[in-house]
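Visitor: fold the following for me, if possible:
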Amino acid sequence: MSGRRKTLAQQIDAMASAWPMFRLSKRDRVNHCVIWSGILKPQFTTYRVEVRYVVGTYPQVRVLSPELERLPGNEEGSLPHVYGPSSDPTLCLFDPKADEWNSTMLIAEKIIPWTIEWLTFYEFWLMTGVWSGGGRHPTPLSEETST
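Guide: You can find the predicted model right below:
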């Protein structure tokens, strides 16, 4: 990891500057945690997303609305490139094993653009049934969890 870890204040300032439509909905100075929510429209649909970040960890992005659709029986899983339970999945935006994200990076410069890209690939996946976004795509353990 090169450079210095970004502080919570640096992350907040960068988000406010680059993505003013995102609102800071929670800031916990004690636990070095922040939550933003905002609207993104990559292609066809408008999404409300939430970004949670604790300094020194991986950002977590969820789609709050509309609910992500599933394609039951799809060979890539009913909802590919997500982590966690189907009731509250987080988006798989990068490969942690490939060191694609680290705390020297700004969420505004990496995570939000990656989220727009993920949503674009998701919209085309709904139309075609094929995930064209690349990345590692292990077989889901079940319909309840996939990565």
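
Visitor: quick check: mean pLDDT of stretch 8-15?
Guide: Computed over stretch 8-15, the mean pLDDT rounds to 94.

Visitor: give the buried residues for it.
Guide: 8, 11, 12, 14, 15 (16 or more other Cβ atoms under 10 Å). For glycine as for every other residue, the C-beta is placed from the backbone atoms N, C-alpha and C.

Visitor: next up, the contacts around the third one.
Guide: Put plainly, it is residue 12. Residues near residue 12 by Cβ atoms under 8 Å, 6 or more residues apart in numbering: 24, 27, 34.

Visitor: hang on, the earlier thing: from the buried residues of stretch 8-15, which land in helices?
Guide: 8, 11, 12, 14, 15 (DSSP state H).

Visitor: before we move on, back to that, most neighbours among the contacts of residue 12, please name it.
Guide: In terms of neighbour count, residue 34 stands highest of the contacts of residue 12 at 23 neighbours, by other Cβ atoms under 10 Å.

Visitor: now do the SS call for that residue.
Guide: Recorded secondary structure, residue 34: strand (DSSP: H, G, I helix; E, B strand; the rest coil).

Visitor: who touches it in this structure?
Guide: Listed by Cβ under 8 Å, 6+ apart, the contact set of residue 34 reads 8, 11, 12, 24, 26, 27, 28, 52, 53.

Visitor: picking that back up, for the contacts of residue 12, which one is nearest residue 125?
Guide: Proximity of these to residue 125 (Cβ to Cβ) peaks at residue 34, which lies at 29.6 Å.

Visitor: pairing partners for that closest one in the sheet, please.
Guide: Listed beta-bridge partners, residue 34: residue 27, residue 53 (assigned using DSSP bridges).

Visitor: repeat that for the one 5 residues further on.
Guide: Applying DSSP bridges to residue 39 yields these beta-bridge partners: residue 48.

Visitor: how much space separates it from residue 7?
Guide: Per Cβ to Cβ, to the nearest Å, residue 39 is found 26 Å from residue 7.
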